[in-house]
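Novice: how does the following fold in three dimensions:
(one chain, ligands or ions: 1)
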Amino acid sequence: MANSAVSIQGLRVRRGDRVVLRDVSCEIAPGTVTGLLGPSGCGKTTLLRSIVGVQLVEAGTVTVLGRPAGSRELRRKLGYATQNPAIYPDLTVAEALRYFAAVLRAPKSDVDRVIAEVDLTDHADALIGRLSGGQRGRANLAVALLGEPELLVLDEPTVGLDPVLRDELWGLFGRLAAHGTTLLVSSHVMDEAARCGQLLLMREGRLLAHDEPGGLLRRTGTPDLEQAFLRLIREGALL
Ligand SMILES: Nc1ncnc2c1ncn2[C@@H]1O[C@H](COP(=O)(O)OP(=O)(O)OP(=O)(O)O)[C@@H](O)[C@H]1O
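Specialist: Numbers count the residues shown, from 1 in each chain. Below is the predicted model of the structure:
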């Protein structure tokens, strides 16, 4: 698809002596929130790393915003929040964000905006090393929001958050998509799937389905997405 935000063809990735992605192909439309769901170890992080351009791939192509994944031009167009927050514990939230804003050449005004978006305004002057796990995760997410990237790749951004904060973050993802940002969000919590416009269901390195939540329920004749996923597994579905 010429206007896909992400286009993947025949992707195969080996990590160590294991093939962890096998013949993965998909197109992600711009301005959507796509949930990448599947059990622990199925290859979600590896797929996200391939899109961000930090994963060595054995075969296939990954095109992001019309460029090969990992291209220099994509650096400021793509925001990536890894599962393990990689930000400095001895800086405050505001100091870390000012630092990353300078590195990314994002406007200074972005710092307050992204801190507010992840609901950390009251903790802006707290040291990152003293934040709770959920607060650290949100500080990490704030870094990915700097510079208003066109594509946001978020690896399990809601892990460890209480239901209210999870709900607020999904609200934020929806608002960003409504303004044209493309979001790819991994999760292994099925109850988050219903918040996504599109779902990519993954198992053992393969994609089983790519559909809207409603479409998956209709196709499988199941009342909820967890059961839809199980039905697809039982039927041996493959994209
Ligand atoms: N550095 C590595 N070297 C070798 N194998 C790895 C490496 N990192 C991950 N793997 C393996 O690749 C497979 C996919 O891992 P990946 O992290 O992509 O899964 P995931 O779906 O994101 O899991 P989780 O939901 O637990 O984060 C797993 O079997 C894992 O053990």
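Novice: count the neighbours of the residue lying closest to Glu204 once chain neighbours are set aside for me.
Specialist: The shortest distance from Glu204 to any non-neighbouring residue, by Cβ to Cβ, 6 or more residues apart in numbering, is to Cys42 (5.9 Å). Placement of C-beta: from N, CA and C, glycine included. By the criterion of other Cβ atoms under 10 Å, Cys42 has 23 neighbours.
Novice: which pLDDT does the model give Cys42?
Specialist: On pLDDT, Cys42 comes in at 94.
Novice: part of a strand, is it?
Specialist: No. Assessed with DSSP: H, G, I helix; E, B strand; the rest coil, Cys42 is coil; it does not lie in a strand.
Novice: how much space between it and Val159?
Specialist: Distance, Cys42 to Val159, using Cβ to Cβ, to the nearest Å: 16 Å.
Novice: what of Arg12?
Specialist: Here the criterion is Cβ to Cβ. By it, Arg12 lies 28 Å from Val159.
Novice: with Leu184 instead?
Specialist: According to Cβ to Cβ, Leu184 and Val159 sit 16 Å apart.
Novice: and what of Asp211?
Specialist: In terms of Cβ to Cβ, Asp211 sits 24 Å off from Val159.
Novice: ok, those two, which is more surrounded?
Specialist: Using other Cβ under 10 Å as the criterion, Asp211 and Val159 rank with Asp211 on top: 18 against 15.
Novice: and the protein, which residues reach the ligand?
Specialist: Within the chain, the positions near the ligand by Cβ under 6 Å from any ligand atom are 15-16, 18, 20, 38, 40-46, 83, 188.
Novice: show me which of those residues are buried.
Specialist: 20, 38, 42-46, 83, 188 (16 or more other Cβ atoms under 10 Å).
Novice: tell me if Leu201 really is in a strand.
Specialist: Yes. Read with three-state DSSP, Leu201 is one of the residues of a strand.
Novice: look at it and say how many residues are nearby.
Specialist: Using other Cβ under 10 Å, the number of residues around Leu201 comes to 25.
Novice: and it, bridged to which residues?
Specialist: Applying DSSP bridges to Leu201 gives these bridge partners: Leu37, Ala209.
Novice: that one contacts Leu207, correct?
Specialist: Yes. Counting by Cβ atoms under 8 Å, Leu201 does reach Leu207; the two are 7.0 Å apart.
Novice: what residue ranges in the chain score low on pLDDT?
Specialist: Within the chain, the stretches with pLDDT under 70 are 1-2.
Novice: thanks a lot, see you next time.
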